Every structure is written in structure tokens, then in C-alpha cells.
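J.: just a sequence and a predicted model for now, questions to come.
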There are 2 protein chains.
Amino acid sequence: MIDNNTMLLMIPGPVNTHPKIYAAMSRPLIGHRTPEFKELYNETLNLFKKLIDTKNDVFIFTGSSTSAMDSAIANLVQPGDKVLNIIQGKFSERWYDITKAYGGNSIVLNIEWGRALREEPLIEILDKNKDIKFITICHNETSTGILNPAEKIGKIAREYDKILIVDGVTSVGGDYVYPDKWNFDILVTGSQKCLGIPPGLGFIMVGSRAWEIINNRTTIPSYYVNLPLYKQWFEERGDTPFTPSVPLIAAQNISLKMMFEEGFDNRVKRHRRMAKATREGAKALGLELFAEEEFASNTVTAIKTPPKLKSKEIIEKMKELGILIAGGQGKIKNKIFRIAHMNIVQEKDILITFSALELSLRKLGFSFPQGSGVSAVEQVFEKDS
Amino acid sequence: MIDNNTMLLMIPGPVNTHPKIYAAMSRPLIGHRTPEFKELYNETLNLFKKLIDTKNDVFIFTGSSTSAMDSAIANLVQPGDKVLNIIQGKFSERWYDITKAYGGNSIVLNIEWGRALREEPLIEILDKNKDIKFITICHNETSTGILNPAEKIGKIAREYDKILIVDGVTSVGGDYVYPDKWNFDILVTGSQKCLGIPPGLGFIMVGSRAWEIINNRTTIPSYYVNLPLYKQWFEERGDTPFTPSVPLIAAQNISLKMMFEEGFDNRVKRHRRMAKATREGAKALGLELFAEEEFASNTVTAIKTPPKLKSKEIIEKMKELGILIAGGQGKIKNKIFRIAHMNIVQEKDILITFSALELSLRKLGFSFPQGSGVSAVEQVFEKDS
């Protein structure tokens, strides 16, 4: 490792960022109340809407992704409202925390961490609790590497007439997410994962069924992430009520354009290829995947830490070689390590990650046939190229 | 005007930003859960605390300045609490809006826009309303160019045992702000004014008397700007609960260091010199200042638009010459125009602004002795150099 600025980021955000993004951020600042900024902002919003193929309203907060999650609950859930929080990991659990903060009456459906949500338990709990008003879910659970079957969940939520609130923080931009077609009422995401720029922007899509609820409220216990305020401001003036992070909007504009230049289908295919190579490489090394493979995330892979090793040691050894990977979070903190493959990650990044992983594991006394991880990765790339 | 990226920003944020700041933002991203980031974050916090000479807690939100304002009220004011909102312009009015959003029982002390808060009306209203719990004020009212006598206000607030909540968005970093010495309980500010970097960070200082109130609450109707969560996370882990905007923290770190390199006294002296030159230049052109001069802001000057002209026209003419100035806001939108002198604004910027202002005014048919504005500016610089 030379230093932190030469590190390959294989963590689930912040991600490796294209040089064009830094260039966009380094353009001299422009006033945020100028026609030029409005044009930039509107174009960026429209590119984002095109990415997720929505006709709904979208707003961009200056904030972490959590600012958008906070907004969803603050604007929709009133004290006592029954909210079904589906918990499958650390990020889906955050919906529960926010629900409680606003006095929501939370019902939890716990799904074993590392497993996807199936239709049956969802239908069962909805049948039993007719008064559930909202359902929260994390589309791609970053802490476990699970990609939930969102389209099926959306179908059920709509059939039962529930408002579906979806965290798409680590899926939007790296995998297909189609909120209109899939019956999401709210979708939130952030800039620093598969949207390809540094942290600092939170996105929220608000559907008409969500607006109906919001518009019927007399007060909303929030100012900074108050949706009617953003909507009114945008409709009247075409920009944001509070000073936006101008360089990040400029960066997001470029990043979205780059996605369409690559072709979004190509981009998703690339993410899926990197994910598959990561899984095959891990298995070839005799490691076990944490998430059930049928529902494996295309943007982050969770791998069980071998019994005699510690996640922290593997991360440390990788870091010495200039590659940053992530450990577990919450109750599986020490049980897994995670390799993310987001944004501009390409073949060479997965190859070097597995070379370094082989070196690291061997140093820690874990044995496997020499070169087996890298070979498996190569085979995936040979086949799918 | 060539384009928006070659514009001299004489608006009250975003401000002209030093090239070193763009360089800091363009360093490859680092992981936000690394020891290296924690070190950067802690150093930045400590530099900021040194700047305002505080021993209190400070937290940095990924957000506009308003995120920090929102946090102050969400965490402190409970429904029905009596809050004295001192309104003297658009930004002090924002405290009122936020107070209402959280169900606070607002009492308004209206001060004529363009005038400072004196001690007498404050004492009078406090004497009449013994049950006031909080006072909100804007230290430097950006919309009118007034700098309130914050130390005197703080003294009264403490004598009356009120919790004083101060917006220092356009004073911190450009003028002296000493919350501990001046008895502020809460101070909020943002990155994009005199702190010298792009928009995207909100700062909040929380004093012990504010903590007492917060700690006695059972629930706080906010998640994203929930202060106990930030405090707990910082104490346990030394960083932030939600992904921070890594490049902006890196930029803020450099910007604060640059302030101490210049010397903070020198920096304030420079801001005051630029402000004085702006006022003298305006008066020499036969223009009237909007704010009473005794309490004129050192970071932004509001100038009355001459009767036969329109603010919008002056701004447009200046823009054609490559200089962005601001109009009025709220009820004085068309009555004034504003020239900000923040961050790295120096002699040459004020000189060119007045040359351009002379050209613009003349084009619009406003007459004055040729060169009188620039001459007055030069005289200030000659005397004070």
C-alpha cells in the first residue's frame, strides 16, 4: 500500500470514480439560482428519470442516502400508522429505526440474513394484518448481498393496496430498477454507489399514491426533507428550496450521461459478469457465499469468513496490497467479508482483487489450490466475453 | 460574458473557491469507514472548533445549511414550546417556518428589514413573555446585509435563561463568531459561504444547556439530523452515522487550514476592508445602502436599486460583463441588489465589480460622476493598506 489515495475501492460505496467525474466537480462553481444551474439540474433529473423509466416526481436532496429514507417516512408515516418493516440486514433494519423515530406502529417480518424475501411469508403477514398501511423493503441488501425479487413484491403490495417504500441505494444504476412497472410508491437512492459519484446526494421518487397520503396531511414533521416544499419550489422555480451541492449535481449529470454512452443494458451486463466472476472465484477458493445464490446481488458479494480466520485480518492484508474490501455489519460483523463490484469496476479489478485475496488468505494460513480463484474468474470472463 | 464557468461570483454563496479546494476534492475517494477518513474528519472538526473557539460538541451534516437549522429545531423544540423568532429578513424568517413545522408556539419579534436588533425590544418582549424558552436569530442576515450585535443579544438571552439558537451561515469564517464567549447554545453554519468550499456541508454546535433539553426528551422527530445519534456514533466510532461527503470534508479541511495560514484576524480584516470599499463605492455612485451602516455586514452589502431602474436589469448587465451579483429576496426582491464579499474576495474583485457596476448603471441611464465608484473604492484601499 502506498497510501489511501491509490487504493482500489472494492467496498460498497464510496466507489471508484471515473476521472471525468472529478473533472466535472472541479469546474468553477456556478450560482445555484442561475438559469444555467436550473438547466443542469433539470437535465440531470430527466436523465435519472430515464434511468429508472419513471413518470413520477423525483427530487434530489443534498444529503446522504439516509436523508431520502428519512424523507420517505417523515412525509408518509403518521404516529400510529401500521408499517410492515421487512428486515433482512442492516439497511432494511434502518427503515425500522426511522419508522420508530416518527411514531409508526412497526410490525417486523424478519427474514434470515442472507436470504431473499419470498412471496409466501409476505402474503401470510399481509393476510393476518389487514391494517398494514406501508411496507418498507431494501431492494438490494448491501449488508448481506441479497437482491430481492422486487417486481414480485411490488405486485403483491399493489394487490393488497399497500404503499411500498423501497431502498434502491445499491441497485439503482447497477441493476434494473423500474419503479413504475414494478409498483413502487417510493424509491430512494444515493449518489455514491452505482450512480458513480462521491457521496452527498440523496434521491427520492414519489408516486401518485404516496402523494395522495402526503397531500392529506395537515403538518409534516420535517423541514429539510419536506416533500411538498420541494415539489412546490420545483414547480414554481425549477430548482431546489435549499442550496444544492452544485459540483455534485454537475458530476451526477456527467455520470448519468456516461451510463447511457456505455448503454444501460451493457452496464447491467457488466455488473452481472463481475458479480458472477466474484462468486465463482470465491467458491473455487473453497470459500462459502453468504447469500443464497439464486438471489445474489449483482453489485456486492458477501463471503463467509473461514472458521479459523478473522474478517478484520483479511481486510487488513488486502489493504496492505492496496485493495479496500468491506467487513460485515451488525450481527454478522465478524462472520463475513464483502467485495463490491459497482460503477466502473471491470475485469482487471476483479482479477487483481482475487490475486490479492489469494495472497492474503495464504498469508493467514488458509490453504487452497494455488491460483484456483484467479483461474475461476478468468473462466467466467472467457465464457461471457 | 464567455460562459458561466468564467464568472466572478459576487453572490452570497456559492463563493469563488480557491484552486486548492478543487484539488482537494479531486483526490481519489477514500473509504469513509477507514482510520484515514476518521483522522481527516477529526482534524477538520478540531480546526472548525478552533475557528469559533468552542469547547462544545460540533457535528457536520451532509446537507445544505438548512439541514443544520432543521436539526436545531427538530431536536430542541417540542410541540407547544414557546419560541421567540426574531424576524429581520428571509433567513431569520426561516427559523419561524421551521419552528412551525415542529409545532413550536412561535412569538415573532419583527424588526424592520435592514435594521439590527437592539437590546430594548428584546428585553421588552422577554419581560412580557416569561414563558419563552427559545430565541432564534440570524447573526448576519444575508438578505438585508445586517450584522446583529450577537454578543449583546447572547448576554441578554443568558440573563433571561433562554436557549439561544443562532444562524451563523454567512458570518462564520468571514467575521468573528465566538459562541462560547457570547453565550450561544446552538450555532449553525454551512460550507459554501465564508467557510470557502462548495455547498454540501451543514455544521451545528451544541452547547451543554441545549444537550440538557435534548437528553430529557423521550423521542426526537427526526432521524437524519438526530443529534443524540450523531453524538453516540462520534463518541463510539469517531465518524458519522451516515455516509459523509468525503470530498467536501477533504476540501473543508484544506480551507480551514488556509484560513489559519492567512491568519484569522487578517482574514476578518480583509473581509471588513472589502465591505467598507463596497459601501463607499456605492455611496460615491449616489446609491443608497439598504442596511443601517452602523450594523453593516462584513460579508454582504445590500444596495437600494435606484427608483427608475430594476434590480433584475442591473444583475443582467453585470452578468454580461462576467460578474454575478444577487438581487433581493422575499418582500424586498425588487428593491435592492446585493454584492457579497466572502471567502477569497480581494481588492481586484471589488475594483472590477465597481468598474462593471459603473458601466452597467450608465447603460441603464443612471448617471453619476464618471469613475466616482471606482475612485472611492481605491481610496479605501489606499487608506487601509
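T.: Nice, thanks for sending it over. From a predicted model like this one, the values you see are computed outputs, not experimental measurements.

J.: residue A:314 and residue A:30: what is the separation?
T.: Distance of residue A:314 to residue A:30, given as C-beta to C-beta, to the nearest Å: 45 Å. Any C-beta I mention is one placed from the backbone N, CA and C, and that applies to glycine too.

J.: which residues touch the host helix or strand of residue A:319?
T.: For residue A:319, the enclosing helix or strand under DSSP states H and E is helix A:311-320. If you take C-beta atoms under 8 Å, 6 or more residues apart in numbering or on different chains as the criterion, helix A:311-320 is touched by A:1, A:7, A:305, A:324-328, A:333-337, A:353, A:356-357, A:359-361, A:363-364.

J.: just checking, what packs against the helix or strand just after it?
T.: Scanning forward in sequence from helix A:311-320 by DSSP H and E, the next helix or strand is strand A:323-324. For strand A:323-324, the packing partners by 3 or more C-beta pairs under 8 Å, 6 or more residues apart in numbering or on different chains; DSSP states H and E come out as strand A:8-9, helix A:347-363.

J.: give the rounded mean pLDDT of strand A:323-324.
T.: Taken as a whole, strand A:323-324 has an average pLDDT of 96.

J.: could you list the paired strands of it along with their orientation?
T.: The pairing partners recorded for strand A:323-324 under DSSP bridges are strand A:8-9 (parallel).

J.: which parts of chain A belong to which domain?
T.: Under automatic domain parsing, the residue ranges defining each domain of chain A are A:4-14+A:263-384, A:19-259.

J.: now those domains as CSV including mean neighbour count?
T.: Shown next, in CSV, are the domains of chain A (neighbours: other C-beta atoms under 10 Å in any protein chain shown):
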stretch, mean neighbour count
domain A:4-14+A:263-384, 19
domain A:19-259, 21
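
J.: distance to residue B:56 added to those domains, as TSV?
T.: Below are these laid out as TSV (distance: least, C-beta to C-beta, whole Å):
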stretch	distance to residue B:56
domain A:4-14+A:263-384	30
domain A:19-259	22
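
J.: so for residue B:282, which of the ones you listed sits nearest?
T.: domain A:19-259 (20.9 Å; C-beta to C-beta).

J.: and the closest one, how far apart are its ends?
T.: 14 Å (C-alpha to C-alpha, to the nearest Å).

J.: gap between that domain and the chain center?
T.: On the basis of C-alpha atoms, centre = their mean, to the nearest Å, domain A:19-259 is displaced by 10 Å from the centre of the chain it belongs to.

J.: any low-confidence regions in the stretch 151-300 of chain A?
T.: Under the criterion of pLDDT under 70, none of the stretch 151-300 of chain A is flagged as low confidence.

J.: just list whatever residues bridge to residue A:86.
T.: In this structure, residue A:86 has the following beta-bridge partners (DSSP bridges): residue A:109.

J.: right, and it touches residue A:92 too?
T.: Yes. The criterion here is C-beta atoms under 8 Å, and residue A:86 meets it with residue A:92 at 5.9 Å.

J.: can you give me the strands in the stretch 1-150 of chain A?
T.: Taking DSSP state E, counting those that start in this stretch as the test, the strands found in the stretch 1-150 of chain A are A:8-9, A:57-62, A:82-87, A:105-110, A:134-138, A:140-141, A:146-147.

J.: please produce a markdown table containing these, extended by distance to residue B:224 and mean pLDDT.
T.: Compiled in a markdown table, the strands of the stretch 1-150 of chain A are given as follows (distance: least, C-beta to C-beta, whole Å; pLDDT from 0 to 100):
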| stretch | distance to residue B:224 | mean pLDDT |
| --- | --- | --- |
| strand A:8-9 | 25 | 96 |
| strand A:57-62 | 9 | 98 |
| strand A:82-87 | 17 | 98 |
| strand A:105-110 | 18 | 98 |
| strand A:134-138 | 16 | 98 |
| strand A:140-141 | 20 | 98 |
| strand A:146-147 | 25 | 98 |
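
J.: could you dump these to CSV with distance to residue B:120?
T.: Conversion of the strands of the stretch 1-150 of chain A to CSV gives the following (distance: least, C-beta to C-beta, whole Å):
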stretch, distance to residue B:120
strand A:8-9, 59
strand A:57-62, 39
strand A:82-87, 51
strand A:105-110, 50
strand A:134-138, 52
strand A:140-141, 60
strand A:146-147, 64
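
J.: quick one: closest of those strands to residue B:105.
T.: Evaluated with C-beta to C-beta, the strands of the stretch 1-150 of chain A place strand A:105-110 nearest to residue B:105, the distance being 27.8 Å.

J.: ok, longest helix in chain A?
T.: Ranked by residue count under DSSP state H, the longest helix found in chain A is helix A:264-284.

J.: verify the contact between residue A:231 and residue A:59 for me.
T.: Yes. Checked against C-beta under 8 Å, the pair residue A:231 and residue A:59 is within contact range at 7.4 Å.

J.: what's the separation between residue A:1 and chain B?
T.: Counting by C-beta to the nearest C-beta, to the nearest Å, the gap from residue A:1 to chain B is 11 Å.

J.: just confirm that residue contacts residue A:321, I think it does.
T.: Yes. With contact defined as C-beta under 8 Å, residue A:1 counts as touching residue A:321 (6.9 Å).

J.: could you find the closest non-adjacent residue to residue A:203?
T.: Leaving out its chain neighbours, the residue that sits closest to residue A:203 by C-beta to C-beta, 6 or more residues apart in numbering or on different chains is residue A:189, at 4.7 Å.

J.: try residue A:199
T.: Of all residues not flanking residue A:199 in the chain, residue A:192 sits nearest, at 3.8 Å (C-beta to C-beta, 6+ apart).

J.: next, that neighbour: secondary structure please.
T.: What DSSP: H, G, I helix; E, B strand; the rest coil gives for residue A:192 is coil.

J.: sorry, back to before: can you give me the angle the longest helix of chain A makes with helix A:347-363?
T.: For helix A:264-284 against helix A:347-363, the angle between stretch directions is 20 degrees (axes from the mean of the first three to the mean of the last three C-alpha atoms, to 10 degrees).

J.: helix A:264-284: what's the following helix or strand?
T.: Next along the chain after helix A:264-284, with elements defined by DSSP H and E, is strand A:300-304.

J.: tell me if that next one is near chain B.
T.: No. Judged by C-beta under 8 Å from any C-beta of the partner chain, strand A:300-304 makes no contact with chain B; its nearest approach is 14.0 Å.
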